[in-house]
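Predicted model and sequence below, questions to follow.
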Amino acid sequence: MSAILTTIQARLRQRAAYLRTKSELENMPLEVAIDLDIYKPDAAKLAAHAVYGR
């Protein structure tokens, strides 16, 4: 039972990190996104790669 709870907690932490990262990417100033060569509509894909490695 404890392994299940540990897995759920880890997944919830990952989800929270994904949502924070996605939000930061979507809300960064356009000038910063251009400097970093980030296409803002790709925020979900970039956040998933950063957090989940996919």
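Yep, that arrived.

The nearest residue to Gln14 once chain neighbours are set aside: what's it in contact with?
Of all residues not flanking Gln14 in the chain, Val51 sits nearest, at 5.6 Å (Cβ to Cβ, 6 or more residues apart in numbering). Glycine gets a C-beta too; all of them are placed from N, C-alpha and C. Residues near Val51 by Cβ atoms under 8 Å, 6 or more residues apart in numbering: Gln14, Ala17, Tyr18, Thr21.

Kindly give a single PyMOL line that selects the buried subset of those residues.
In PyMOL syntax, the buried subset of the contacts of Val51 is picked out as below (16 or more other Cβ atoms under 10 Å):
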select buried, resi 18+21
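
Now flag whichever of the contacts of Val51 is closest to Met28.
Thr21 (11.0 Å; Cβ to Cβ).

if we can go back for a sec, closest to Ala3 out of the contacts of Val51?
Gln14 (16.5 Å).

which SSE is that closest one in?
Using DSSP states H and E, Gln14 sits within helix 2-27.

which helices and strands does the helix or strand just after that helix pack with?
Under the assignment DSSP H and E, the closest C-terminal helix or strand after helix 2-27 is helix 30-35. For helix 30-35, not one helix or strand is in contact under the criterion 3 or more Cβ pairs under 8 Å, 6 or more residues apart in numbering; DSSP states H and E.

what sits up against helix 30-35?
When contacts are defined by Cβ under 8 Å, 6+ apart, helix 30-35 is touched by residues Leu25, Tyr39, Lys40.
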